[in-house]
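**Student:** Have a look at this prediction, sequence included:
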Amino acid sequence: MLTRSALVLGGAASGKSAWAEEVLKNVGQPMVYVATGRIFDDEVAQKVAVHKKRRDARWRTIEAPLDVGPALESVAADDSVLIDCATMWLTNHMMDGNDLTAAQDALLAALRACPARWIIVSNEVGQGIVPNNALSRRFREAQGRLNIVLAREAETVVQVTAGLPLALKGQLP
């Protein structure tokens, strides 16, 4: 049984989004996909197309690249929500020059107030080499801090590597 809240972590192309989608399909409730990505180039457009292709008509999609709050306010208690992903959301805020602490606080408040069960997907970016530029190092630090607070907030935390889930907190659904 899926808990009320979950964080799914993994590296790029680890299978974390596909795994989270399958979990929600098995819950049997109406599904809402909160998309945080912005399309700036063909590569991102192709990745978004792959994600869209996996979702059928049972999914309702809400675009929320910055403010997830209104999207979560629009869901019903019997919905299952997938927020994909915290990494793109953070990138959007950084690139727009927003106050990351205020944005993170607003995201946490929205998650706490959400009436539905939710899963948020996020990249684990701190296991590689130290980036060679200040912006990348700042992003890595901000992503690490965001993942820590999301992990505290979520009842279940799952690491997905090569499409395989490992429960870090709670039990696998």
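**Tutor:** That came through fine.
**Student:** Contacts for the helix or strand hosting Asp105 next, please.
**Tutor:** Element membership of Asp105 [criterion: DSSP states H and E] is helix 100-113. With contacts defined as C-beta atoms under 8 Å, 6 or more residues apart in numbering, helix 100-113 is touched by 5, 66-69, 72-73, 86, 89-90, 93-94, 118, 120, 142, 145-146, 149, 153. (C-beta placed from N, C-alpha, C; glycine too.)
**Student:** Which of those fall within strands?
**Tutor:** Ser5, Trp118, Ile120 (DSSP state E).
**Student:** residues near the last one, how many?
**Tutor:** Going back to what we said before, that points to Ile120. 27 (other C-beta atoms under 10 Å).
**Student:** switch to numbering from 208
**Tutor:** Yep, numbering from 208; the last one is Ile327 now.
**Student:** how about the nearest residue to it, chain neighbours excluded?
**Tutor:** Among residues not flanking Ile327 along the chain, Ile290 sits closest, at 4.3 Å (C-beta to C-beta, 6 or more residues apart in numbering).
**Student:** what do you get for the second one?
**Tutor:** With sequence-adjacent residues excluded and distances taken as C-beta to C-beta, 6+ apart, Trp325 is closest to Val288, at 4.2 Å.
**Student:** I'd like to know how far that neighbour sits from Asn339.
**Tutor:** Distance of Val288 to Asn339, computed by C-beta to C-beta, to the nearest Å: 37 Å.
**Student:** When these two are compared, which one has more neighbours?
**Tutor:** Of the pair Val288 and Asn339, Val288 is the one with more neighbours under other C-beta under 10 Å, namely 28 against 7.
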